[in-house]
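Novice: My questions concern the predicted model and sequence given below.
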Amino acid sequence: MRINQFIAALPGSYLFSDIAQRVDRYLSENPGKSVLRLGIGDVTRPLAPYVANAFADAARGMATAEGFCGYPPGDGEPDLIEAINRHDYRSRGIKLENDEIFISDGAKTDVSGLQELFSADTLVAFTDPVYPVYVDSNAMAGRLGEYVDGRWTRAVYLPTTAENGFVPPLPDKRVDVIYLCYPNNPTGTVLTKEQLKVFVDWARKNEALIIYDAAYKAFIQGDEIPLSIYEVEGADEVAIECSSFSKTAGFTGVRCAYTVVPKKVKGRNGDQWVGLNGLWRRRLGSKCNGVSYPVQMAAKAVFDEEGWRQVQENIVYYRNNAKVLLDTLKPTGLSVFGGEHAPYVWLKTPEGISGWEFFDRLLNKVQVVGTPGEGFGPSGAGYFRLTAFSTLETTVEAAKRVASCI
Ligand code: PLP
């Protein structure tokens, strides 16, 4: 057989393996040192007990004649879909039908799988820096041209930096698809409803699609920042929205997510307009046999009153860590962003050094691990990401150590 040349052409190893290798090398050369990790964006708090009980009850039920289920519905358990619609959408005045919501094992699965709905020559825009999965999945499908000097020749980059206040510019030419992620990974920044509306209006005018990744929406505070792109008028004509239980409820190891594909969202097939809802359902039917039943029952419990209360305790805990990072680092004079509506704090490196140089400085001098901005795209150069997904004790100590390195 011949391999997929586009996968073979992907650059280097995955960012977090590069980081792990550097840390391993440091530890083998410096035995006995302990490293504080604020690098990878994985949660650290245990599951809410109420949610874990629902998970266990459903699993035990599988050992009984009444509780046993075989293949779950491919699109998701109707009770879970109804709970999502009620909690995330109807309660905020957003009208969706339940068959516009699809359950999956992860937002990563969905944000990478959705590109299968696009034609091979689709032109795609990404905010830059960006969650690498959107770029990699389009590159693997052969849509992004060649990788030259850290950039894909056929991708449209929307630089999102301190210079433009982390508000991405509109594409300077027509594109078919724009990926937006808010609250943003890696910058931790958000867009207001008005700023988001600029993209929705542009997409409507230009027959473009927005893939909106809302994986971190649980971290939004107050009423100013939209929790869903569908709070913007007309977004249900042009946007698909992906959400996840991973960061909301600590499901990174449990695996459950949901994606909204409104029926009004359409794409062209020659002269015909085709609904993406039906296409996505058709694709899932062929590629997926649904998500584990106990997992979906655990996810449903997140939206019960007690489940939500317990889940919020973890969010509050991480928010406090983000505040510790901000409160400790801002007085050093560093330019520090994000952290208010997101579990990520994004720094401009001191003295204009690269993110990787800052990574090495922190690892070698004070044994703190973060993520160099270069790993998220060309406009991440000279930035650095710290996560709030740690214990309070580690966060307090790591923040002090980083501050001592400025
Ligand atoms: N989307 C963004 C922006 C992320 O940062 C992550 C994980 O870090 C994901 C999606 C993955 O979500 P899931 O665990 O549901 O696959």
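Specialist: Arrived safely. Numbering: from 1, shown residues only.

Novice: Tell me which residue in the stretch 251-400 of the chain sits closest to the ligand.
Specialist: The ligand sits closest to residue 257 of the stretch 251-400 of the chain, with a gap of 4.1 Å, by C-beta to the nearest ligand atom. In this view, the C-beta of every residue, glycine as well, is placed from N, C-alpha and C.

Novice: Phi and psi next, for that residue.
Specialist: Phi and psi for residue 257, reported as degrees, to the nearest 10, are phi -150, psi 180.

Novice: in the sheet, who's paired with it?
Specialist: residue 104, residue 244 (DSSP bridges).

Novice: Pull the contacting residues for the residue of the chain positioned farthest from its centre.
Specialist: Distance to the chain centre peaks in the chain at residue 65, reaching 38.6 Å (criterion: C-alpha atoms, centre = their mean). By C-beta atoms under 8 Å, 6 or more residues apart in numbering, no residues touch residue 65.

Novice: distance of it from residue 77?
Specialist: Residue 65 sits 19 Å away from residue 77, going by C-beta to C-beta, to the nearest Å.

Novice: next one: residue 97
Specialist: 16 Å.

Novice: So the two - more neighbours on which side?
Specialist: Set residue 97 next to residue 77 and count neighbours by other C-beta atoms under 10 Å: residue 77 wins out with 20 against 11.

Novice: quick one: the more buried one and residue 293 touch, right?
Specialist: Yes - using C-beta atoms under 8 Å, residue 77 is in contact with residue 293, at 7.0 Å.

Novice: between these two, what contacts are shared?
Specialist: Taking C-beta under 8 Å, 6+ apart as the criterion, residue 77 and residue 293 do not both touch any residue.

Novice: CA atoms only: put stretch 124-135 into CSV for me.
Specialist: The C-alpha trace of stretch 124-135 is given here as CSV (Å, rounded to 0.1, in the frame of the first residue of the first chain):
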residue,chain,number,x,y,z
VAL,A,124,-9.5,27.2,6.1
ALA,A,125,-8.6,30.1,8.4
PHE,A,126,-7.2,29.6,11.9
THR,A,127,-6.7,32.1,14.7
ASP,A,128,-3.0,32.1,15.5
PRO,A,129,-1.8,30.8,18.1
VAL,A,130,-4.3,28.0,18.0
TYR,A,131,-5.2,24.6,19.5
PRO,A,132,-3.1,22.5,17.1
VAL,A,133,-5.8,19.8,16.4
TYR,A,134,-7.7,22.0,14.0
VAL,A,135,-4.6,22.6,11.9
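
Novice: Briefly note if it comes near the ligand.
Specialist: Yes - contact of stretch 124-135 with the ligand (C-beta under 6 Å from any ligand atom) involves residue 131.

Novice: what pLDDT, on average, does the helix or strand encompassing residue 402 get?
Specialist: When elements are assigned from DSSP states H and E, residue 402 belongs to helix 392-403. The average pLDDT for helix 392-403 rounds to 98.

Novice: ok, now how distant is the residue of the stretch 251-400 of the chain closest to the ligand from residue 84?
Specialist: Counting by C-beta to C-beta, the gap from residue 257 to residue 84 is 10 Å.

Novice: any low-confidence regions in the chain?
Specialist: Low-confidence segments of the chain, defined by pLDDT under 70: 13-14.

Novice: buried stuff in the lengthiest helix in it?
Specialist: Assignment by DSSP state H gives helix 305-329 as the longest helix of the chain. For helix 305-329, a neighbour-count test (16 or more other C-beta atoms under 10 Å) marks 307-308, 310-311, 314-315, 318-319, 321-322, 324-326, 328-329 as buried.
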